[in-house]
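Undergrad: Predicted model, plus sequence, below.
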Amino acid sequence: MTSKVIAAIARGNGTFEVDYVQVSDPASDEILVKMKAAGLCHTDYDSLSWGKPIVMGHEGAGVVETVGDEVNDISPGDQVILNWATPCFTCFQCQEGNQHLCEENSPVIAGANGYTSGHAHIDGTKWKGKNIERSFNLGTLSEYVLVKASAAVPVNKPDLNFSAAAIISCGVMTGYGSVVNAAKLQAGSSAVILGCGGVGLNVIQACRISGAHPIIAIDVKQQKLDLARAFGATAGILADSNDKNLELAAQEVHQMTHGRGADYAFECTAIPALGAAPLAMVRHGGTAVQVSGIEEEISIDMRLFEWDKTYINPLYGQCRPQVDFHKLMHHYENGSLLLDEMVTREYPLQELDQAFADMLDGKNAKGVIVFD
């Protein structure tokens, strides 16, 4: 049976509309999820210009409605967090433990145009009578979504805050995993975070949870630095937007870290010109992490690598969803991971325009679309 539901559709030309789509019953390895909440990030805004119609959204949480014939580990009624880097568990990368790099399903690795569907089944969703792809295999800005069962992680918590659960899907996981899984930050290490938006705040949280000190936040807006302190930063540097490559800020970091630089630096600005900036922040032998996913050609002075510095560019915090989502929920439940506080505002789907405007204006740590 096909259901008619409301969804946000990117037209591919920089605009979107809220319209009906038709969602079919699950295939054998799929589940149908009634969405409760969907987080927003800049990638969702970028998807407006991917050159083709697409059901928007790649962060989300909801309740399972029905499951396919071959799905044995998820049941109707389960509360689930959706994961855009859907593992197949059998390809080379999944067998290596790199589920975020799945060669079969990853919308990044599998070579999909515009980060959309990889090799995923897309026949189950139609718009205006034609098949339509779902952003990152999910399309969470829809009342119901049809996804592979391996894209869902059951959490089943009493009184679950679905808005808090939804943002784990990407921004929280990316920030936390970049610190814990990729950088493997050690307790007592110094850390600097460039950019205090949603991802940067989760890097800060992960540094705090991991026992880093000091945790130095850098941003061009004082309100962002104030927010950074609320999430765990122990110091802040108000950068000048005219400070080329944050060179002056780097000097301050060195002064605050015994003249040698931080042990770790995390770039979370998504500004290509700052792709090399974390290298100037770390000591000899330190680790610079490019968290924000810059995908442009940049020039780097090789002297910034002197000496023995490591520069890494992890995808999605090296997420293993069936393992990491439960760790994040544990940190949330014991109060160490602040998620309720990160959701600045909730919006109905019909106010998606306003939600994007607030995000682009920097008003929200995180905006979330909620469904009745």
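TA: Sure, I can see it.

Undergrad: residue ranges of the helices in the protein, please?
TA: For the chain, helices defined by DSSP state H occupy the ranges 42-46, 92-95, 162-167, 173-177, 198-209, 222-231, 247-256, 277-281, 321-333, 352-360.

Undergrad: Name the residues of the shortest one that are buried.
TA: So the one you mean is helix 92-95. For helix 92-95, a neighbour-count test (16 or more other CB atoms under 10 Å) marks 93, 94 as buried. All C-beta spots, glycine's among them, are computed from the backbone N, C-alpha and C.

Undergrad: sorry, back to before: and the helices of the chain: which comes nearest residue 71?
TA: Proximity to residue 71 (CB to CB) singles out helix 321-333 among the helices of the chain, at 14.4 Å.

Undergrad: For that closest one, which helices and strands make contact with it?
TA: Contact partners of helix 321-333 among helices and strands, from 3 or more CB pairs under 8 Å, 6 or more residues apart in numbering; DSSP states H and E: strand 152-154, helix 173-177.

Undergrad: closest to residue 15 out of the helices of the chain?
TA: Here helix 352-360 is closest among the helices of the chain (CB to CB), at 10.1 Å.

Undergrad: could you check the angle helix 198-209 makes with that closest one?
TA: 60 degrees (axes from the mean of the first three to the mean of the last three CA atoms, to 10 degrees).

Undergrad: that older thread, in JSON lines, list the helices of the chain along with mean pLDDT and distance to residue 34.
TA: Shown next, in JSON lines, are the helices of the chain (pLDDT from 0 to 100; distance: least, CB to CB, whole Å):
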{"stretch": "helix 42-46", "mean pLDDT": "92", "distance to residue 34": "20"}
{"stretch": "helix 92-95", "mean pLDDT": "94", "distance to residue 34": "28"}
{"stretch": "helix 162-167", "mean pLDDT": "97", "distance to residue 34": "11"}
{"stretch": "helix 173-177", "mean pLDDT": "97", "distance to residue 34": "22"}
{"stretch": "helix 198-209", "mean pLDDT": "97", "distance to residue 34": "25"}
{"stretch": "helix 222-231", "mean pLDDT": "95", "distance to residue 34": "31"}
{"stretch": "helix 247-256", "mean pLDDT": "97", "distance to residue 34": "46"}
{"stretch": "helix 277-281", "mean pLDDT": "96", "distance to residue 34": "41"}
{"stretch": "helix 321-333", "mean pLDDT": "95", "distance to residue 34": "19"}
{"stretch": "helix 352-360", "mean pLDDT": "96", "distance to residue 34": "19"}
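
Undergrad: Nearest to residue 302 among those would be which one?
TA: Nearest to residue 302, of all the helices of the chain, is helix 277-281, at 9.8 Å by CB to CB.

Undergrad: Export only the CA atoms of the closest one, formatted as CSV.
TA: What follows is helix 277-281 as a C-alpha-only set of coordinates in CSV (Å, rounded to 0.1, in the frame of the first residue of the first chain):
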residue,chain,number,x,y,z
ALA,A,277,44.7,27.0,10.3
PRO,A,278,44.7,24.2,12.8
LEU,A,279,48.2,23.2,11.8
ALA,A,280,49.4,26.6,13.1
MET,A,281,47.7,26.0,16.4
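
Undergrad: Tabulate the helices of the chain (a markdown table), appending distance to residue 32.
TA: Converted to a markdown table, the helices of the chain look like this (distance: least, CB to CB, whole Å):
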| stretch | distance to residue 32 |
| --- | --- |
| helix 42-46 | 22 |
| helix 92-95 | 24 |
| helix 162-167 | 17 |
| helix 173-177 | 23 |
| helix 198-209 | 28 |
| helix 222-231 | 35 |
| helix 247-256 | 48 |
| helix 277-281 | 42 |
| helix 321-333 | 19 |
| helix 352-360 | 22 |
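
Undergrad: Just say which of the helices and strands packed on helix 321-333 is most tucked in.
TA: Among the helices and strands packed on helix 321-333, helix 173-177 has the highest mean neighbour count (mean count of other CB atoms under 10 Å), at a mean of 27.

Undergrad: Give me the distance from it to the chain's centre.
TA: Its chain's C-alpha centre and that of helix 173-177 lie 7 Å apart, by CA atoms, centre = their mean, to the nearest Å.

Undergrad: Over to stretch 150-160?
TA: Taking CA atoms, centre = their mean, one finds the center of stretch 150-160 at 18 Å from the center of the full chain.
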